[in-house]
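Visitor: A predicted structure for the sequence below; I have some questions about it.
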Amino acid sequence: MRPVIGNERGIALFLVLWVLALLTVIVGEFCYTMRTEVNITRNFKEETEAYYIAGAGLNRAIVELIRNEKIPQKVNAPESDEEEAEERLRINTDIPFVPFGRGRFKVRVANESGKINLNTANIRLLRVMLSGFDLEDEERDVIVDSILDWRDKDHLHRVNGAEDEYYRLLPEPYECRDGDFRSAGELLLVKGMKPELFYGGLEDIVTVYKDDEVLKSKKKKKTLASEVNINAATYTMLISLPGMTEDLVRAIIDYRKARDFKSVSEILDIVGAEVYNSVKSYLTIQTLPYYTVTSVGVTGDGKTRRGVEALVKIDAKAKKGYRIIRWLDDAPVTGSLWQIEQSDGESQGLEG
């Protein structure tokens, strides 16, 4: 009987070890699940905090823009007067992160005056719009004429343009707008326009927003039709101007990091007389009340971040002094622009 007892003990030991192994797996799986759920909860909490911090940054920027409209920054303000010499929120400039709660936010402000308005741009400016892209003359002429046909109210097409008879014969037919573009994306419906061209940079330099008050002034209306704001224009917009090179555009952007151009003639020393004479008729310092504000909120070590973006019209007639035209959650937050500063002493900008 002793061999039988030995076998029973061996079986019992095996069962105990098997149960222990099973319990170890169950406990390990439970711990892993709990740790995963804790991480998910923490990440959700931090992402939510980052989102609302980004929203706070966007609202703070709007307040600054409203203040700038009511109290325009004075040129050559005396340095001895701290209030007058205070740094104001400027477009297309790198503003450091600002501490807020248990995180920080950073904003970037652009103005629609730095883009070409599809609804008002004249033929000359539309040609400049396409000059920075690899297009044949025929392709460029088709797009320009088709843009003009799309927005005019008649049904007569230009030499290279298109009206209803062209669009109705497409595999998925539609009619010509015969009125203002309602969005920049509507440009994709125009004859000759290709997605790779639109998303390859053209999207970033066109707009459809204009100010009715500006249109009442003949001088300002001309500006809107033929010029872009030198302080608001992006790299892609500047490089499209005749005679511009990458080095010259970089020099203009570097100049804007410290101050705005107070007049178009100030770029003469940067680009030289020849290029200046080529581009001066395309440039202005006139702004529009439409601003694109991008805000990024970060928490902790900066690994958790959320971005929001809004197109805002600063309007004194509005109840709050502004109107939200477009809102985008989860705006892109990658790239060197949104890097976290290593020094806390650099965290400043919209404070004060």
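Guide: Received, thanks. Numbering: from 1, shown residues only.
Visitor: show me the contacts for residue 248.
Guide: For residue 248, the contacting residues are 270, 271, 275, taking C-beta atoms under 8 Å, 6 or more residues apart in numbering as the criterion. Where you see a C-beta, it was placed from the backbone N, CA and C, and this is true even at glycine.
Visitor: and residue 328, that one's in a helix?
Guide: No: counting by DSSP: H, G, I helix; E, B strand; the rest coil, residue 328 is not found in a helix; it is strand.
Visitor: related to what we said a few turns ago, closest one of the contacts of residue 248 to residue 144?
Guide: Sorting the contacts of residue 248 by distance to residue 144 puts residue 275 at the head of the list, at 23.6 Å, by C-beta to C-beta.
Visitor: name the element that closest one belongs to?
Guide: Secondary-structure element containing residue 275, defined by DSSP states H and E: helix 273-279.
Visitor: what's the next secondary structure element after that helix?
Guide: Per DSSP H and E, helix 273-279 leads on to strand 283-284 as the next helix or strand towards the C-terminus.
Visitor: what pairs with the very next helix or strand once past that following strand, parallel or antiparallel?
Guide: From strand 283-284 onward toward the C-terminus, using DSSP H and E, the following helix or strand is strand 290-299. Paired neighbours of strand 290-299 in the sheet (DSSP bridges): strand 103-111 (antiparallel), strand 304-314 (antiparallel).
Visitor: quick one on the thing from earlier: in the helix holding residue 275, which residues are buried?
Guide: The neighbour-count check on helix 273-279 (16 or more other C-beta atoms under 10 Å) flags 275, 276, 279 as buried.
Visitor: what's the answer for stretch 159-175, then?
Guide: Of the residues in stretch 159-175, 160, 161, 162, 163, 167 count as buried by neighbour count, 16+ other C-beta under 10 Å.
Visitor: how far does that stretch stretch from start to finish?
Guide: Terminal residues of stretch 159-175 lie 19 Å apart, using C-alpha to C-alpha, to the nearest Å.
Visitor: start the count at 3, not 1, going forward
Guide: Noted, 3 is the first residue going forward, which turns the last one into stretch 161-177.
Visitor: next, give phi and psi for residue 67.
Guide: The phi and psi values for residue 67, taken as degrees, to the nearest 10, are phi -70, psi -40.
Visitor: columns pLDDT on top of the contacts of residue 250, output as CSV?
Guide: Putting these into CSV (pLDDT from 0 to 100) gives the following:
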residue, pLDDT
272, 94
273, 94
277, 94
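Visitor: just checking, residue 177 touches residue 170?
Guide: Yes: using C-beta atoms under 8 Å, residue 177 makes contact with residue 170 at a distance of 7.0 Å.
Visitor: show me the shaky parts of the stretch 253-354 of the chain.
Guide: Applying pLDDT under 70 to the stretch 253-354 of the chain picks out residues 337-354.
Visitor: again, 80 this time
Guide: Low-confidence segments of the stretch 253-354 of the chain, defined by pLDDT under 80: 302-305, 334-354.
Visitor: how about the helices in the protein?
Guide: 4-72, 125-133, 139-153, 166-169, 197-200, 214-218, 220-228, 237-241, 248-260, 270-273, 275-281 (DSSP state H).
Visitor: list the contacts of the third one.
Guide: The contact list for helix 139-153 (C-beta under 8 Å, 6+ apart) reads 120-121, 125, 128-129, 132-133, 137, 159-165, 178-183, 189, 191-195.
Visitor: before we move on, what about the fifth one?
Guide: With contacts defined as C-beta under 8 Å, 6+ apart, helix 197-200 is touched by 135, 137, 187, 189, 190.
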